[in-house]
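Trainee: next one to model:
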Amino acid sequence: MAFPPPQHPFQGYGYCASYFVENHDDDDGLFVRAAAERERSRGVARLRQKALAEELSRTTAEEYQEDVLDHMERMEAETMPDLQSIEIQTEIQWFMRPYLLDFLLEAHHAFQLLPETLHLAVNLLDRYCSRRVVYKRHYQLVGCAALLISAKYGDRKERVPTIRELKSMCCSLYDDDMFTQMEWHVLQTLNWIVGHPTVTGFLQLALTEVAFDPELEHMSWYITEHALYHKEFISVRPSVMARSALALARCILARPQSRYTDWSARYDSQVVLNLSNYLNQPSQALLRKYASPHLSSVSSTIEMFLQQQDMLAQRVIHNPAPELTSMEVEPSTPVNAYLTPQTPQKGGYPSIPHGVLTPPITPDKDFCGPTGYGINQGLLPRIGHCVPTPPSSAEHAHAMHYAGPHYIQQPQFVQ
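Mentor: Numbering: from 1, shown residues only. From the prediction side, this is the model:
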């Protein structure tokens, strides 16, 4: 006897179109299209919120810009170093400053810190040297502590250098606790007043008056960092330095100067002249830093500008302009001299050279010689090469006291 084939248990219920069944006719599906539409709506909303926030921020900045500028100018006067107090340092000499600045500049560039971090670190260093007697074996340690404090104050947390990294850059010359003690001592000396309106902050306010020009901004950075190497600019306020450096940068790049009504137009002409006189004495570390394309290669631009100035000066010297002779005119005697207006006659005008001469460079006792630092390079190695400060001839017998790994374990401070 033959039995009929078994039927499917759900055969009598017909076709089931539940979500367990794949729909091969529409690959995207209704839910996929709905999710894509929601994501697009969220993106449009985020863009609108960002544009609204930028507009509100711009409006608020323009409204409170004068108040912010007044506050910054008042704060810069309270946090300026004293040049006369640094002058009376017994062991710290001015020829040591470029070597320490080279070390700080290379460390700042290696950690990719913000531009204002370097200026704040130098300000903390000078303010500390204005209040405390610093031994030259601790000069580099004070610079490291100032850089560490400034990075913690205004830079991003992931880029703040660690004590281990600073110790490695100093070739393990100082112990870990020496960095911590020096950092605490700097803060205590300055009464924990770290905030200082840097020159980069004033530059940002000045550059908001014109269209965005990265080359002009990088050139201004180069000039302001170059000014850190020279003691003549320590007493110059950051607001004056920012406006003067911006005016010089516009002159080098052949950019039009700002309008007389703008804040950036109130620069100091004497500071501009002094900055231009020191352009031909750059630091090699500064040249290497600003030779990078992402900094617009402004060091190469300045080198070409100085070469053009030298060629122009040589051309004026070898080919002076001929003197202008006065034109002889026979005066005609009028019928009535009292009724005719008379103009006084002048003599011949002096000779006017073609072109503008480069201002002469006044030699300084601290910056002379072929290197511009006024010392013998063979006797004083760089700070960046594992020697914090150069020993003098009188301390040659005690050189191993601070040059070897058994260096003094605790910093000595003079109250």
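Trainee: domains of the protein?
Mentor: Following automatic domain parsing, the chain resolves into domains at 83-189, 199-295.
Trainee: export those to a markdown table and tack on distance to residue 29, mean pLDDT and mean neighbour count?
Mentor: Bear in mind the C-beta positions are built from the backbone N, C-alpha and C, glycine included. Output for these, formatted as a markdown table (distance: least, Cβ to Cβ, whole Å; pLDDT from 0 to 100; neighbours: other Cβ atoms under 10 Å):
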| stretch | distance to residue 29 | mean pLDDT | mean neighbour count |
| --- | --- | --- | --- |
| domain 83-189 | 42 | 93 | 19 |
| domain 199-295 | 46 | 90 | 18 |
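Trainee: how about the closest residue to residue 264 other than its chain neighbours, what does it touch?
Mentor: Spatial nearest neighbour of residue 264, excluding adjacent residues (Cβ to Cβ, 6 or more residues apart in numbering): residue 206 at 3.9 Å. Residues in contact with residue 206 (Cβ atoms under 8 Å, 6 or more residues apart in numbering) are 242-243, 246, 258, 262-264.
Trainee: picking up where we left off before, got CSV for the domains of the chain, with distance to residue 51 too?
Mentor: Converted to CSV, those look like this (distance: least, Cβ to Cβ, whole Å):
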stretch, distance to residue 51
domain 83-189, 25
domain 199-295, 18
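Trainee: which of these sits closest to residue 302?
Mentor: domain 199-295 (6.1 Å; Cβ to Cβ).
Trainee: measure the closest one end to end?
Mentor: One end of domain 199-295 sits 18 Å from the other (Cα to Cα, to the nearest Å).
Trainee: ok, the closest residue in space to residue 233 that isn't next to it in sequence - contacts?
Mentor: Spatial nearest neighbour of residue 233, chain neighbours left out: residue 227 (4.2 Å); criterion: Cβ to Cβ, 6+ apart. Applying Cβ under 8 Å, 6+ apart, we find residue 227 in contact with 233, 236, 241, 245, 275, 278.
Trainee: and which of those residues is nearest to residue 30?
Mentor: residue 245 (62.4 Å).
Trainee: what about that closest one, which helix or strand?
Mentor: Applying DSSP states H and E as the criterion places residue 245 in helix 238-252.
Trainee: contacts only, for residue 134.
Mentor: With the criterion set at Cβ under 8 Å, 6+ apart, residue 134 makes contact with 89, 91-92, 128, 142.
Trainee: which one of those residues is nearest to residue 112?
Mentor: residue 142 (22.8 Å).
Trainee: which element is the closest one on?
Mentor: Take DSSP H and E as the rule and residue 142 turns out to sit in helix 139-154.
Trainee: please apply the same query to residue 285.
Mentor: helix 284-289.
Trainee: next structured bit after that helix?
Mentor: Sequence-wise, the next helix or strand downstream of helix 284-289 (DSSP H and E) is helix 298-318.
Trainee: contacts for stretch 213-220 next, please.
Mentor: 203, 207, 242, 245-246, 249-250, 252-253, 255, 290, 295-296, 298, 301-302.
Trainee: then that stretch to CSV, C-alphas only?
Mentor: Output of stretch 213-220 as CSV, limited to C-alpha atoms (Å, rounded to 0.1, in the frame of the first residue of the first chain):
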residue,chain,number,x,y,z
ASP,A,213,48.4,85.7,4.7
PRO,A,214,50.4,82.7,6.0
GLU,A,215,53.8,84.0,4.6
LEU,A,216,53.3,87.3,6.4
GLU,A,217,52.5,85.5,9.6
HIS,A,218,55.5,83.2,9.4
MET,A,219,57.8,86.1,8.6
SER,A,220,56.5,87.9,11.7
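Trainee: can you report how many residues lie near residue 44?
Mentor: Neighbour count of residue 44, defined by other Cβ atoms under 10 Å: 10.
Trainee: so how far is residue 194 from residue 133?
Mentor: As judged by Cβ to Cβ, to the nearest Å, residue 133 and residue 194 stand 22 Å apart.
Trainee: next one: residue 227
Mentor: 22 Å.
Trainee: same deal with residue 247?
Mentor: As for residue 247, its distance to residue 194 is 30 Å (criterion: Cβ to Cβ).
Trainee: make sure residue 154 is actually in contact with residue 116.
Mentor: Yes: in this structure, residue 154 is within contact of residue 116 by Cβ atoms under 8 Å, at 6.1 Å.
Trainee: where do the helices of this structure begin and end?
Mentor: With DSSP state H, the ranges of helices along the chain come out as 29-78, 83-87, 97-110, 115-131, 139-154, 163-169, 176-189, 199-207, 214-227, 238-252, 269-277, 284-289, 298-318, 400-403.
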